[in-house]
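1. attaching a predicted model along with its sequence, questions to come.
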Amino acid sequence: MPPPSFSGAPRQSRPARSISHYACPANMKLEGFLDRVAGSGFDSVGLTARAFTEMPVAEIAAALQSRGLGVSSVNSAGYFLFADTAVQARQTAENERLIASAATLGANGLNIIAGGIGDMPMTDARQRATAGLHRLAEQARTADVTLLVEPVHPAAIHDKGCFSTIAQVADAIAGIDNARMTIDLFHSWWDPGLDAALFDPAARIGLVQFCDVAVDDAGFALARALPGHGKVDITRALRQTIGAHPDVPLELELFAERFTDYDFDRVLETAGSAVDRAARCQGNTT
């Protein structure tokens, strides 16, 4: 079953270029970010909690529509494994709010982070997260929202994500008709199943988030980096996605506050060029 279409600019022959609001400089308002993104030829944006604190959802929808932009992802819901019941209740309410926001915006999907295992045994954590995912999917289905479940690098298994591999997420979403995978290259660059998923048109991928990965000599991921400034073959990964999953948005995800001398113009140019280069390479192989 292919990923659903989402509102925004009419789909063109080239891949859907997107960029996460996490890449927005701290001193730039959302509307300024949208202006720059649309002016640089992007089709959609990934929206974050910061966007929803700046503007009401209805105003965000109008701002997107006036610029011909769609929403590749709303970030992030899930977090099913808090030990504190009051904290978990607040998260449940936040999940419901984000489902409503994603529905209003006609988003490609709501990104889901399962939550870290904390002090739980790993098997128990994954079972509990899968149960939470099924409950959330029921709520999302009534709003016609797709869940985009993201495997998270094993280094963050304690505090962020109990699903570490593409295969684990594929198992967790089996039988959930309104769930797909987010493949974030920062978290999945090392995964033995990455190539197979990107090459397979039947793989249930709803979003690919990309960046390069700065690693040390031992192969440990250190930080997100601009494409071309790390160890990941971005062109290969994006080319695979374009070939097998042509309707899946390609969303650059960087965190502006983690960079020194951050140049947003360079980020926009580099992200767009990375997608265009992969599309040209794909075209040359068909």
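-> Yes, it's here. Just so you know, these numbers come straight off a predicted model, no measurement behind them.
2. so where do the strands sit in the stretch 101-250 of the chain?
-> Along the stretch 101-250 of the chain, counting by DSSP state E, counting those that start in this stretch, strands occupy 110-113, 147-149, 179-184, 205-210, 212-215, 221-225, 250-252.
3. for the fourth one, give the mean pLDDT please.
-> Put plainly, it is strand 205-210. For strand 205-210, mean pLDDT is 98.
4. just want the angle from it to strand 179-184.
-> 10 degrees (axes from the mean of the first three to the mean of the last three C-alpha atoms, to 10 degrees).
5. which one of the strands of the stretch 101-250 of the chain has the lowest average pLDDT?
-> Looking at the strands of the stretch 101-250 of the chain, the bottom one is strand 221-225 with a mean of 85.
6. can you list the strands that that strand pairs with?
-> strand 212-215 (antiparallel) (DSSP bridges).
7. low pLDDT regions in the chain?
-> 1-13, 219, 221, 283-286 (pLDDT under 70).
8. export the strands of the stretch 101-250 of the chain to JSON lines and tack on mean neighbour count and distance to K29?
-> Backbone N, C-alpha and C define where each C-beta goes, glycine included. Shown next, in JSON lines, are these (neighbours: other C-beta atoms under 10 Å; distance: least, C-beta to C-beta, whole Å):
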{"stretch": "strand 110-113", "mean neighbour count": "28", "distance to K29": "23"}
{"stretch": "strand 147-149", "mean neighbour count": "29", "distance to K29": "26"}
{"stretch": "strand 179-184", "mean neighbour count": "26", "distance to K29": "26"}
{"stretch": "strand 205-210", "mean neighbour count": "27", "distance to K29": "23"}
{"stretch": "strand 212-215", "mean neighbour count": "19", "distance to K29": "28"}
{"stretch": "strand 221-225", "mean neighbour count": "18", "distance to K29": "23"}
{"stretch": "strand 250-252", "mean neighbour count": "28", "distance to K29": "20"}
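9. is it possible to get TSV of these that adds distance to R126?
-> As requested, those are arranged in TSV below (distance: least, C-beta to C-beta, whole Å):
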stretch	distance to R126
strand 110-113	14
strand 147-149	12
strand 179-184	15
strand 205-210	20
strand 212-215	25
strand 221-225	22
strand 250-252	26
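10. what strand or helix carries the closest residue to I60 other than its chain neighbours?
-> Among residues not flanking I60 along the chain, A51 sits closest, at 6.3 Å (C-beta to C-beta, 6 or more residues apart in numbering). Assigned by DSSP states H and E, A51 falls within helix 49-54.
11. just checking, what packs against that helix?
-> helix 30-39 (3 or more C-beta pairs under 8 Å, 6 or more residues apart in numbering; DSSP states H and E).
12. how far is the next helix or strand after the helix it packs on from where the chain is centred?
-> As assigned by DSSP H and E, the chain's next helix or strand after helix 30-39 is strand 44-47. Remark: strand 44-47 is offset 9 Å from the chain centroid, using C-alpha atoms, centre = their mean, to the nearest Å.
13. given strand 44-47, what are its sheet partners and their directions?
-> strand 17-20 (parallel), strand 70-78 (parallel).
14. looking at those strands, which is closest to R277?
-> strand 17-20 (11.8 Å; C-beta to C-beta).
15. related to what we said a few turns ago, now the helix holding A51: buried residues?
-> A51, F52 (16 or more other C-beta atoms under 10 Å).
16. for that helix, give me every contacting residue.
-> Under the contact criterion C-beta atoms under 8 Å, 6 or more residues apart in numbering, helix 49-54 has outside partners H21, C24, K29, L30, I60, N75, S101.
17. and the residues you listed, which is closest to T92?
-> Distances from T92 to the contacts of helix 49-54, taken by C-beta to C-beta, are shortest for S101, at 15.2 Å.
18. chain neighbours aside, what residue packs nearest to the closest one?
-> V57 (4.9 Å).
19. residue contacts, the one you found?
-> A100, S101, T104, L105.
20. do you know how far the first one is from V57?
-> Counting by C-beta to C-beta, to the nearest Å, the gap between A100 and V57 amounts to 8 Å.
21. just the helices in the stretch 101-250 of the chain please.
-> Along the stretch 101-250 of the chain, the stretches classed as helices by DSSP state H, counting those that start in this stretch are 122-142, 166-173, 185-188, 194-199, 234-244.
22. please identify the most buried of these.
-> helix 185-188 (a mean of 24; mean count of other C-beta atoms under 10 Å).
23. what distance separates stretch 192-208 from the middle of the whole chain?
-> With C-alpha atoms, centre = their mean, you get 14 Å for stretch 192-208.
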